[in-house]
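Engineer: Here is the input, now give the coordinates:
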Amino acid sequence: MSQGKPSILVVEDEPKLRRLLELQLADEGFHARGAENAEAALDLANKEPFDLVLSDFKLPGMTGVELLQALKRTNGNLPVIIMTAFGSVETAVEAMKAGASDYVLKPFSLAEVVLVIRKELAARELREENRALREALGKRYEYKNVVAQSGKMQAVLALVERVAATNATVLLGGESGVGKDLIARAIHEHSQRSAGPFVKINSTAIPENLLESELFGYEKGAFSGATASKPGKFELADKGTLFLDEIGDVPPATQVKLLRVLQDREFERLGGTKTLKVDVRLIAATNRDLRAAIEEGAFREDLYYRLNVVAIDIPPLREHKEDIPALANFLLEKFARDSNQPVRKLTTEAQQKLIDYHWPGNVRELENIVTRAATLAPGELLEPGDVHFDSESPSRRAGANVAPVLPPGMTLEKWEEEMIREALRRANGNKSQAARSLGLSRNALRYRLSKMGVPDPEDAPESIHASENPKGG
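Structural biologist: Predicted coordinates for the structure are as follows:
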């Protein structure tokens with residue numbers, strides 16, 4: 001970011017709106033320059049540095065998206081926010097596919113524009129500083145209840161360190177059991193909101209027809225049994241942080257209301273008419289591939305972009321096994337405190353047995369195993385014979401004929417790739433036939449193939465054209 005005031009380039013062909021934006025941004029402490037079209041904007045951008053570009057979508061001559069693509073070719077890190085007409089969300093999503101950082105819908109309030117600009121500048125600064133932090137030699141991060149000695153987990157905590165200082169929305173990714181809830185709490189406890197509430201909700205633990213009322217609350221008489229009004233999780237998290245776990249399983253109707261809260265910070269209770277304003281930082285988590293869910297039509301693309309301001313992917317335990325001994329001893333000490341028992345220790349051989357295991361259930365499975373060992377072991381030292389994995393349960397050892405879900409040493413991702421390759425082989429390369437045999441849509445299969453690095457000759461760059469809507473976006 002440039003020294004002194006952040007510099008904003010405003011690209012808008014309506015002179016009154018352009019001037020109004022310039023004056024408002026100047027009042028908010030920014031250095032603002034205006035351009036009436038994309039060509040003038042590119043000329044300015046070549047002459048002086050800007051920290052952010054705020055551009056209308058529909059411009060005379062070159063469109064806002066074409067301007068975005070031209071700017072990205074010369075400065076790939078330059079944030080661009082697109083302004084578009086209300087009802088043209090699909091054009092904004094296309095712009096974000098092309099590399100836009102965010103969008104605002106017209107008509108908008110000036111306060112909303114300033115909020116989006118500040119959020120994006122903070123996120124950009126975070127990304128730049130975190131890159132430098134990861135390169136700093138000898139830098140170590142320590143957080144309460146988070147064991148992270150490996151390089152991969154230190155990289156996660158470096159991101160936590162920077163994102164905690166901002167109000168940016170965070171999307172946590174990773175398999176079930178990796179500790180996403182602990183990372184979310186660490187972000188909250190090291191943020192300016194730490195004195196406020198930390199409210200957690202798991203969308204899969206609540207019936208689909210009740211999730212909306214849990215999130216947004218309800219008024220008396222909103223439905224049968226609603227004998228009194230009740231605030232939702234967003235109200236309870238005001239001035240604090242809301243951690244929404246398993247967001248990939250939120251039903252479509254609730255996704256629409258979530259999008260509105262993220263855009264406008266307002267909502268109505270179920271059965272109510274009064275609009276409520278909240279100041280909540282949202283941290284979402286998922287163990288699903290949201291891009292695949294978008295391809296399948298199960299998740300809104302515009303909501304994904306609103307959530308994915310800063311993404312933190314937490315690696316599975318099998319990818320940072322060097323943390324296992326410290327993690328296991330930490331969990332043994334936790335068990336001893338909770339159960340008022342002496343602390344047990346793992347022998348070197350028992351630690352090695354834990355390291356050699358493939359950990360499909362990640363840290364949650366590790367906690368179950370060391371707790372079971374500490375509960376049942378006869379001595380103070382835990383030997384290899386005291387450590388029993390779920391695959392070694394009594395029913396399996398007794399020959400219960402229960403086959404493992406995956407072949408030994410095979411991850412779910414690798415197994416899926418093998419199944420896809422086998423389906424393609426049997427279909428002689430016919431993607432439509434292979435998709436049908438796998439129970440997938442053709443687009444879903446193509447998406448998975450692209451993740452595997454398999455080229456698709458049918459893929460070709462798609463140009464993004466300006467909306468045919470009348471002027472106003």
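
Engineer: How much space separates the residue nearest the centre of the chain from residue 301?
Structural biologist: Nearest to the mean C-alpha position of the chain, by Cα atoms, centre = their mean, lies residue 171 at 1.8 Å. Going from residue 171 to residue 301 by Cβ to Cβ, to the nearest Å gives 14 Å. Heads up, the C-betas are built off the backbone N, CA and C, glycines and all.

Engineer: do the same with residue 21
Structural biologist: Residue 21 is 27 Å from residue 301, by Cβ to Cβ.

Engineer: Compare those two (neighbour count), which wins?
Structural biologist: Taking neighbours as other Cβ atoms under 10 Å, residue 21 and residue 301 compare with residue 21 leading, 22 against 19.

Engineer: For the helix or strand where the more buried one lies, give me every contacting residue.
Structural biologist: Per DSSP states H and E: residue 21 is located in helix 15-27. Helix 15-27 has contacts (Cβ atoms under 8 Å, 6 or more residues apart in numbering) with 8, 10, 12, 32, 33, 34, 36, 54, 110, 113, 114, 117.

Engineer: can you rerun that using 6 Å?
Structural biologist: Helix 15-27 is contacted from outside by 8, 10, 12, 32, 34, 110, using Cβ atoms under 6 Å, 6 or more residues apart in numbering.

Engineer: next one: stretch 301-312
Structural biologist: Contacts of stretch 301-312 (Cβ under 6 Å, 6+ apart): 89, 93, 96, 123, 159, 163, 168-172, 255, 259, 262, 284, 290, 294.

Engineer: so what are the domain limits for this structure?
Structural biologist: 7-120, 136-315, 323-397, 412-452 (automatic domain parsing).

Engineer: Tabulate those (TSV), appending mean pLDDT.
Structural biologist: Formatted as TSV, the domains of the chain follow (pLDDT from 0 to 100):
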stretch	mean pLDDT
domain 7-120	88
domain 136-315	89
domain 323-397	86
domain 412-452	80
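
Engineer: Now do the strands in this structure.
Structural biologist: 7-11, 31-35, 52-56, 80-85, 102-106, 170-173, 198-202, 241-245, 266-268, 275-277, 281-286, 310-313, 345-346, 381-382 (DSSP state E).

Engineer: I'd like the ones you listed as TSV, with distance to residue 356 appended.
Structural biologist: Converted to TSV, the strands of the chain look like this (distance: least, Cβ to Cβ, whole Å):
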stretch	distance to residue 356
strand 7-11	55
strand 31-35	59
strand 52-56	50
strand 80-85	49
strand 102-106	46
strand 170-173	27
strand 198-202	32
strand 241-245	31
strand 266-268	50
strand 275-277	53
strand 281-286	29
strand 310-313	25
strand 345-346	13
strand 381-382	15
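
Engineer: Residue 148 is nearest to which of these?
Structural biologist: strand 310-313 (12.6 Å; Cβ to Cβ).

Engineer: what's next to stretch 273-281, contact-wise?
Structural biologist: Contacts for stretch 273-281 (Cβ under 6 Å, 6+ apart): 167, 193, 234, 237, 238, 239, 241, 242, 265, 266, 267, 268.

Engineer: End to end on it, go ahead and measure it.
Structural biologist: From its first residue to its last, stretch 273-281 covers 24 Å (Cα to Cα, to the nearest Å).

Engineer: Over to stretch 189-201?
Structural biologist: Span of stretch 189-201 from end to end, Cα to Cα: 17 Å.

Engineer: quick one: buried residues of that stretch?
Structural biologist: 190, 191, 193, 196, 198, 199, 200, 201 (16 or more other Cβ atoms under 10 Å).

Engineer: Which residue, neighbours along the chain excluded, lies closest to residue 437?
Structural biologist: residue 423 (5.1 Å; Cβ to Cβ, 6 or more residues apart in numbering).

Engineer: I should have written residue 36 there, sorry.
Structural biologist: That would be residue 13: by Cβ to Cβ, 6+ apart, it lies 5.3 Å from residue 36.

Engineer: And for that neighbour, the neighbour number?
Structural biologist: Residue 13: 17 neighbours (other Cβ under 10 Å).

Engineer: what's the spacing between it and residue 90?
Structural biologist: Relative to residue 90, and taking Cβ to Cβ, residue 13 is found at 22 Å.

Engineer: cool, and residue 276?
Structural biologist: Distance check for residue 276 against residue 90: by Cβ to Cβ, it reads 28 Å.

Engineer: cool, and residue 244?
Structural biologist: Here residue 244 is placed at a distance of 25 Å from residue 90 (Cβ to Cβ).

Engineer: again with residue 80
Structural biologist: Counting by Cβ to Cβ - residue 80 and residue 90 are separated by 18 Å.

Engineer: Same question for residue 349.
Structural biologist: 60 Å.

Engineer: now do residue 157
Structural biologist: 38 Å.

Engineer: do the same with residue 149
Structural biologist: In this structure, residue 149 and residue 90 are 46 Å apart, going by Cβ to Cβ.

Engineer: Make JSON lines out of the contacts of helix 15-27 and add neighbour count and distance to residue 316.
Structural biologist: Below are those laid out as JSON lines (neighbours: other Cβ atoms under 10 Å; distance: Cβ to Cβ, whole Å):
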{"residue": "8", "neighbour count": "24", "distance to residue 316": "41"}
{"residue": "10", "neighbour count": "25", "distance to residue 316": "45"}
{"residue": "12", "neighbour count": "23", "distance to residue 316": "47"}
{"residue": "32", "neighbour count": "22", "distance to residue 316": "46"}
{"residue": "34", "neighbour count": "20", "distance to residue 316": "49"}
{"residue": "110", "neighbour count": "14", "distance to residue 316": "45"}
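
Engineer: Identify the farthest-apart pair in those.
Structural biologist: Taking Cβ to Cβ as the measure, the contacts of helix 15-27 span a maximum distance of 14.9 Å, between 34 and 110.

Engineer: Residue 276 and residue 90: who's more crowded?
Structural biologist: Each of residue 276 and residue 90 has its neighbours counted (other Cβ under 10 Å); residue 276 has more, 18 against 12.

Engineer: List the beta-bridge partners for the more buried one.
Structural biologist: residue 267 (DSSP bridges).

Engineer: do the same with the one 10 residues further on
Structural biologist: Here residue 286 sits in beta bridges with residue 173, going by DSSP bridges.

Engineer: State the number of residues packed around it.
Structural biologist: 22.

Engineer: Quick check, it in contact with residue 250.
Structural biologist: No: Residue 286 is beyond contact range of residue 250, at 9.6 Å (criterion: Cβ atoms under 6 Å).

Engineer: Now residue 344. Nearest residue, chain neighbours left out?
Structural biologist: That would be residue 374: by Cβ to Cβ, 6+ apart, it lies 4.7 Å from residue 344.

Engineer: Give me the neighbour count for that neighbour.
Structural biologist: For residue 374, using other Cβ under 10 Å, the count is 22.

Engineer: Please apply the same query to residue 186.
Structural biologist: 21.

Engineer: Could you check how far it is from residue 251?
Structural biologist: Taking Cβ to Cβ, one finds residue 186 at 29 Å from residue 251.

Engineer: for residue 188, same thing?
Structural biologist: Taking Cβ to Cβ, one finds residue 188 at 26 Å from residue 251.

Engineer: Compare the two and say which one has the larger neighbour count.
Structural biologist: residue 188 (23 against 13).
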